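Engineer: quick one, fold the following:
(one chain, ligands or ions: 2)
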Amino acid sequence: MKLRRTMMFVPGNNPGMVQNAGIYGADTLIFDLEDSVAITEKDAARNLVESAIQSIQYPCEIAVRINHISTPFGHADLASVLSVKPDLIRLPKAETAAEIQEIDAMITEAERKYGFPAGSIRMMAAIETAKGLMNAYQIASASPRMVAIAIGGEDFIADLKTSRSKDGRELFAARGQLVLAARAAGINAIDTVFSDVNDEETFINEVKLIKQMGFDGKSVVNPRQIKLVHQVFSPTDKEIEKAEAIVAAYQEALARNSGVISLNGKMIDLPVVARAERVLSYAQATGYKSGEAVQ
Ligand SMILES: CC(C)(COP(=O)(O)OP(=O)(O)OC[C@H]1O[C@@H](n2cnc3c(N)ncnc32)[C@H](O)[C@@H]1OP(=O)(O)O)[C@@H](O)C(=O)NCCC(=O)NCCSC(=O)C[C@@](O)(CC(=O)O)C(=O)O
Ligand SMILES: [Mg+2]
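Structural biologist: Ligands and ions are numbered 1, 2, ... in the order given. Next up is the predicted model:
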């Protein structure tokens, strides 16, 4: 299981942040060439990100958020970063499957040109408009390179012509639809950033909500948010023990040729076992060992 609990944005024109971004424990770093970079800084950011990916051994997945390919910067961003083989290209403000296919073709060409294994550079897309959301499943399934779709809440809310509330009610429908589209396409669903890095309480409530809704992780903007997300997403000792008991009880039942059993008065059938197995795979992927603190 590939964990993408936290995808941390790093402004691509900030040498200090780019240099140190790997030390905070994010599952994925997103070097940003789009909205955190002023137009006057686009060339400098592109050069900085290209040379950082080439020269720094980051301990996690590396994504680059390019500018949209309809802007004057998108093609130059792609040409530059593809030469140093990031793990992932993140397309912002995706609205159609055709955009994904256009980038896919450019990546295919770059993989050939530089001799990288075919298919080794993956893609994800951020849904940030109502039109993008209407096409979310087509976008999510537009290419075998696609590993995730994310919601870009700030732009999405602007497109809805409303404002962001503390409980995020204006995003509820979009979040639900995004998870459905991702699950139907068999890829990850990633939630949006939460900008007030000092409001831990609201942030944690939001992370609990999106985990319950089925998201695989969250985009974050600050290192202080990483551990909070990982704590919410990591199964507790109690959840792991329960999952182990369910799997063991089910295996025993199968040995007795029975498909349904009861554990402490509750029915255990295949969907319950599938959820328990997911808890155990997740625990394994986080390096969990009984009694140890979450990283
Ligand atoms: C928020 C804040 C200003 C707070 O500053 P503060 O000064 O309070 O930070 P402190 O906590 O004091 O920093 C302590 C130490 O961590 C270092 N450090 C901090 N942040 C770091 C980081 N991100 N990467 C590496 N290092 C970092 C810092 O350098 C310092 O290092 P040191 O001096 O060595 O101790 C700062 O974090 C920041 O700029 N964040 C990135 C913002 C950004 O990228 N926005 C664009 C993406 S969203 C978007 O576009 C919307 C979207 O598109 C999203 C979607 O699509 O999902 C949509 O539509 O919704
Ligand atoms: Mg945005």
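
Engineer: the host helix or strand of residue 45 - what's its average pLDDT?
Structural biologist: Assessed by DSSP states H and E, residue 45 sits inside helix 42-55. Mean pLDDT, computed over helix 42-55, is 98.

Engineer: ok, is that helix in contact with ligand 1 or not?
Structural biologist: No - contact of helix 42-55 with ligand 1 is not found when judged by CB under 6 Å from any ligand atom; the minimum separation is 11.2 Å. C-betas here are computed from N, CA, C, even on glycine.

Engineer: tell me which other helices or strands that helix touches.
Structural biologist: Helix 42-55 is packed against helix 15-20, strand 28-32, strand 61-65, helix 74-82, with contacts defined by 3 or more CB pairs under 8 Å, 6 or more residues apart in numbering; DSSP states H and E.

Engineer: got the angle for that helix vs strand 61-65?
Structural biologist: Relative orientation of helix 42-55 versus strand 61-65 (axes from the mean of the first three to the mean of the last three CA atoms, to 10 degrees): 170 degrees.

Engineer: contacts only, for the residue in the stretch 151-295 of the chain positioned nearest to ligand 1.
Structural biologist: Nearest to ligand 1 in the stretch 151-295 of the chain, going by CB to the nearest ligand atom, is residue 152, at a distance of 2.7 Å. Contacts for residue 152 (CB atoms under 8 Å, 6 or more residues apart in numbering) come out as 92-93, 126-128, 192-193, 219.

Engineer: contacts for the helix holding residue 45, please.
Structural biologist: Here helix 42-55 has contacts from 11-13, 15, 18-19, 31-33, 37, 62, 64, 67, 73, 76-77, 80-81, 83-86, using CB under 8 Å, 6+ apart.

Engineer: buried stuff in it?
Structural biologist: The neighbour-count check on helix 42-55 (16 or more other CB atoms under 10 Å) flags 42, 45-46, 48-50, 52-53 as buried.

Engineer: repeat for stretch 110-118
Structural biologist: Those would be 110-111, for stretch 110-118 by 16+ other CB under 10 Å.

Engineer: same thing with stretch 223-236?
Structural biologist: Across stretch 223-236, burial judged by 16+ other CB under 10 Å covers 223, 225-226, 228-230, 232-235.

Engineer: how near is the residue of the stretch 151-295 of the chain closest to ligand 1 to ligand 2?
Structural biologist: In this structure, residue 152 and ligand 2 are 4 Å apart, going by CB to the ion, to the nearest Å.

Engineer: what sits closest to that residue if chain neighbours are left out?
Structural biologist: residue 128 (3.6 Å; CB to CB, 6 or more residues apart in numbering).
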